[in-house]
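>>> Give the three-dimensional model of this entry:
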Amino acid sequence: MHPSTPLRGLAFVLGGLGVALAANFTTESGDTWNNDQWTLTTETLDMGHYQSRMSLANGYLGINVATVGPFFEVDVPVAGDSISGWPLFNSRQTFATIAGFYDTQPTTNGTNYLWLNQYGAESVISGVPHWGGLILESNNQTLNSTVNPDSIRNYVSTLDIKKGLMKWSYTWTPTDGLNINVTYSMFVHKLYVNQAAVQVELSASSDTDVKVIDILDGTSAVRADFVYKNYEPDTKTIWTAVRPNGIDNITAYIYSTLKTNDCVGSVTPSPFLDYSSGNASTIAQSIAFKLRAHETAVIEKHIGGASHDAFDDPQEVARCASLSGAKTGFGPLLDTHIKEWNSILPEDSVDDYILPGDDTPPNNDTWLLQITSVTSPFYILQNTVGPNAIEIAGGNKKLDINSISVCGLGSDCYAGLIFWDAEIWMAPGLDMSHPHHIKQITNYRKEKFPQAQENVKMAYSSSQNQTGKFSNGGAVYPWTSGRWGNCTGTGPCFDYEYHINGDIGKQMYNYYSTTGDREYFEGDLLPIYDAIAYFYSELMDLNETTGKYELLNATDPDEYANNADRIGFTTALIQKHLNESNILNEWFGLPTNESWTELAGNIDLPTNNEVGIILEYGTMNGSINVKQADVILIDDILDYPNNYSLSDLDYYAAKQSTTGPGMTYGVFSIVANEVSPSGCSSYTYNLVGVEPYVRAPWYQFSEQLGDNFQDNGGTHPAFPFLTGMGGANRVAIFGYLGVRIFPDRLDIDPSLPSQIPYISYRTFYWQGYAFSATSNQTHTNLTRLANSRVLPKANSTYASNPIPISLGTLGDSVNYTIAANETHTFSNRLLGQNATVAGNILQCIPARSDQAYIPGQLPIAAIDGAASTKWQPALGNATAVLTVDLAATPHGAAGTAITELRFDWGARPPQMFAVVFSDSPSAATLGLELILPFNATRGYTALGDSPSASLTNVTAEGNVRISAPYDAGSVAALVKIGANTTNVTLDAPVATRRWAHLLLWGVAGTTNYTGGGATVAEWVMLE
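Numbering: from 1, shown residues only. Take a look at the predicted model:
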């Protein structure tokens, strides 16, 4: 499977529906997940593609490494493209950096408002020399990222998540008759943040001369100036130093020290001058030795790295880290690294979809959720420095003040800048389970607070330049932020995405709610929360005609609709923030600001009562094409009273762009589980937010459905897209368990879609107290764990008192309390058992299609009880078959008498369709793909005049009528989402068999299939 291809094959690899699965899950591409060991293994050598590379980090040091080993690598163009995205638009290649290592530069290749650069410089993440490489030479051949792939056999690469360890093993044949077995191992130490290590083990089929080259490759030191480098042969050490462009007082030092076993001997490294990267910071040393046949030579490379951003003497810190690592040795150092990862990510810290007593999830799609429930938090937590690491570093608080960029420390995607992605997408799921690791997101904003206060003075550069409009007391954060947190062209403070400020406040609110750390919140965070409220109160403009306050010339999260008036989500966020500020101040015994309450009470959201939706902005019309989750965030993160929740969900689902980023549909899943009265669309949306964005072999997310910029709207996708991983990591805890974060009570509202029989949720925290929970289809058990699991600085009120619990935030709350070591059982909301259409036997049963489909337009969408989700085959000029297993219906596999079928085709009905029953799931075996098209003018049924004994014909139509034809003139009209429907009442009841098949061909009214095949929003079958 090419890495740019989403893992759609995951749904089919294990064959027919209901096939028993194993604890080791293997995808059709040959990649394997071991669910007991938490390992991902691939045997596919896919060189030069960023999707196949791995990033390793510990929250301080970060690096991206090649597919064939721990080397520097440059991307091979795909479809003529090897460019990274906005705002750098630089060449894709591996990257290495140190947390906080930002430069200063006048502008970037891309920006939001170029003219704003006159007021302040940009700040972009700089790289350091790529330190992973241990390059091999033998018989005039080189083993590095450009090795001839034909010389590599028996390739196996494994990511061990429990160990935080990356391995590559294969046989390298540099020349005929010589086989060298190579095993690379690599980790970035999770406890000792200045250390990392690489090891290579070599054995050969015959004696041969080998040279091992230890390189610090300056090619990855982008946007950095060379300072100095040197060899220290007495300790087998090399080092190099660089500083970020434009920053004279910050220098990063990278040290590398070699260690070898007896098979190598006491060889003194020599300076290696033959390898030149063209960057002055590159330095290398080599050791040459005789590799004896069938003996194993081991060479270790121990890295030390530090910069002035966190250390007063980074050179000495880096040097000591490298030398002490070599003295300790790879194995013992790895042991302490594994121990730290095991303390951070134990099995109960992630969601588990495996039913007790069964080693497997119930279906293939849920395997995807099982795997990503481990991989996603791991990838994000790699980019955090935990409390143990800070303590080991002497309590160095400078290690805990860097937020998490969009792609983490192994990439310079989005220039390494900090967006709302950290607060709204990455933090919430981990705030629940790992609040002290996510604290650095909050600390980063705390560090930039003085600059945010200064930023208010930049109002003169915007449309908010009225004299005296803003006074001292407020704070405004820029849309993007690096070293300084100032207003820039990529990160304007005014006339753009003001919601970033409320997003920051929301994460601070969440952190207090989960940890109960009153001292930190009251002393450090509440002043920031209040300053944002102060700014918001002065930002809003009074409409003298309506008497209402409005937000003007602003951009909501949907960045396809810039600089609009009366925008929906941000207005709701401002209103919520103003009210919450006073509630929190009153709670802490501090003065409140009544003008904020009065202002919040005079804010109305833009709505359309006829369509029944909150508008994105006041002048929105029906032609809107939404980039990413926007209005529906109101129901997800704001707990805002909304009479239009369900209609918002359905309307904006139909308006989502196919080229938007991959975190949106987790929001749809959470909201669907909260507000949908029936069906299982929450499960569909959950899969839509994962399956098309995950890339083989490491289950890292891409920003886009497809990675070819020629097909995805011109986007060069961010990768690995931690934002998407964070979005997916929110669904189980906030969707299926239904947690809503409040500081005064624990609120849950559980409901599992029918496809998920069981979840054991991650251990999570409220006010510093630990909880576990499990759900089956009907009930949820909630346990308050022993006080021995309490976080430091937890709210002492509940040390000996029960914790209040509410069930649901939008309906009638039922209040409970729970004491330590106590378990309560709650009934789930049974959405999946509620039929959207009474009597429909198809709703939420297993479905599949063996034909390719448009990414994200899944087969199960056709029967999930929601017309807002759709199945769409990729081809319109070929027969597509949707197969459902009627054994999962209440009446069993066969014999139910069907009298009526209904079809909601959505916007693209087929030209013709047929429905047949059979006793086989295989469309190919049955020849179903040959049935359509048929000559509709002759009145044939789908099976012709003589139906096959293996099939039962149910119905067919050769010219599907369009009930809601496309009208270009009405595209801008703001109306409810329409549908093309077909209802079929059978002349006589037809008895079901085990499998029902829906066959589609063509698209009604057109022969242009560039947009894919027909759509099926809902297929209903009635007795």
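>>> which ones are touching residue 735?
666, 669, 670, 673, 674, 682, 686 (Cβ atoms under 8 Å, 6 or more residues apart in numbering). Every residue, glycine included, has its C-beta placed from N, CA and C.
>>> Next: residue 163.
187, 334, 337, 338, 341.
>>> Next step: these restricted to helices.
Here DSSP state H is the test, and the contacts of residue 163 give 334, 337, 338, 341 as lying in helices.
>>> low pLDDT regions in the protein?
Counting by pLDDT under 70, the chain contains low-confidence residues at 1-22, 274-276, 359-362, 809-814, 891-893, 936-948.
>>> Domain-wise, how is it divided?
With the TED database serving as the domain definition, the record reports that the chain contains domains spanning 32-345, 762-832, 836-1022.
>>> Turn these into a markdown table, columns for distance to residue 355.
Compiled in a markdown table, the domains of the chain are given as follows (distance: least, Cβ to Cβ, whole Å):
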| stretch | distance to residue 355 |
| --- | --- |
| domain 32-345 | 13 |
| domain 762-832 | 8 |
| domain 836-1022 | 16 |
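>>> Most tightly packed of those domains?
Highest mean neighbour count of those: domain 32-345, a mean of 20 (counted as mean count of other Cβ atoms under 10 Å).
>>> Please name the nearest non-neighbouring residue to residue 192.
Counting by Cβ to Cβ, 6 or more residues apart in numbering, the nearest residue to residue 192 once its immediate chain neighbours are dropped is residue 392, at 6.4 Å.
>>> Please apply the same query to residue 509.
residue 580 (6.7 Å).
>>> quick one: that neighbour from residue 195, how far?
42 Å (Cβ to Cβ, to the nearest Å).
>>> Kindly report the same for residue 628.
Counting by Cβ to Cβ, the separation of residue 628 from residue 195 is 38 Å.
>>> Which residues belonging to stretch 705-717 are considered buried?
Burial within stretch 705-717, assessed by neighbour count using 16 or more other Cβ atoms under 10 Å, is assigned to 705, 706, 707, 709, 712, 715, 716, 717.
>>> ok, the third one touching residue 717?
Yes: under the criterion of Cβ atoms under 8 Å, residue 707 is in contact with residue 717, at a separation of 5.2 Å.
>>> ok, residue 878 - contacts?
Neighbour list for residue 878: 851, 929, 1001, 1013 [criterion: Cβ under 8 Å, 6+ apart].
>>> I'd like the distance between it and residue 909.
Distance from residue 878 to residue 909, by Cβ to Cβ: 17 Å.
>>> thinking again about what came up before, switch the contacts of residue 163 over to JSON lines; also include distance to residue 298.
Conversion of those to JSON lines gives the following (distance: Cβ to Cβ, whole Å):
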{"residue": "187", "distance to residue 298": "16"}
{"residue": "334", "distance to residue 298": "13"}
{"residue": "337", "distance to residue 298": "18"}
{"residue": "338", "distance to residue 298": "19"}
{"residue": "341", "distance to residue 298": "23"}
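>>> Just give me how far the lengthiest helix in the chain sits from the chain centre.
Among all segments of the chain classified by DSSP H, the helix with the greatest residue count is helix 568-587. With Cα atoms, centre = their mean, to the nearest Å as the basis, the distance from the averaged C-alpha position of helix 568-587 to the chain average is 28 Å.
>>> From the contact counts, what lies against that helix?
In terms of contact count using 3 or more Cβ pairs under 8 Å, 6 or more residues apart in numbering; DSSP states H and E, helix 568-587 is assigned the packing partners helix 499-515, helix 526-539, helix 594-600, helix 633-637.
>>> of the ones you listed, which approaches residue 305 most closely?
helix 499-515 (28.7 Å; Cβ to Cβ).
>>> What helices and strands are in contact with that closest one?
helix 420, helix 427-433, helix 435-447, helix 526-539, helix 568-587, strand 740-741, strand 764-766.
>>> I'd like to check the angle between it and helix 435-447, please.
140 degrees (axes from the mean of the first three to the mean of the last three Cα atoms, to 10 degrees).
>>> returning to what we had before: just put the helices and strands packed on helix 568-587 in TSV and tack on distance to residue 838.
Rendered in TSV, the data for these read as follows (distance: least, Cβ to Cβ, whole Å):
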stretch	distance to residue 838
helix 499-515	40
helix 526-539	47
helix 594-600	42
helix 633-637	26
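>>> Can you tell me which of those is most buried?
If you average neighbours per stretch using mean count of other Cβ under 10 Å, then among those it is helix 499-515 that wins, with a mean of 26.
>>> following that one, which helix or strand shows up next?
helix 518-520 (DSSP states H and E).
>>> Run through who's touching that next one.
Identification of contacts with helix 518-520 by Cβ under 8 Å, 6+ apart yields 512, 588, 793, 795.
>>> Please identify which of those residues is nearest to residue 492.
The closest of the contacts of helix 518-520 to residue 492 turns out to be residue 512 (Cβ to Cβ; 28.9 Å).
>>> Cross-check the contact I'm expecting between the closest one and residue 524.
No: when contacts are counted by Cβ under 8 Å, residue 512 is not listed as touching residue 524 (10.5 Å).
>>> measure the residue nearest to residue 576 when sequence neighbours are not counted to residue 612 for me?
Distances taken as Cβ to Cβ, 6+ apart place residue 638 nearest to residue 576, at 5.2 Å, with adjacent residues excluded. Taking Cβ to Cβ as the measure, residue 638 and residue 612 are separated by 19 Å.
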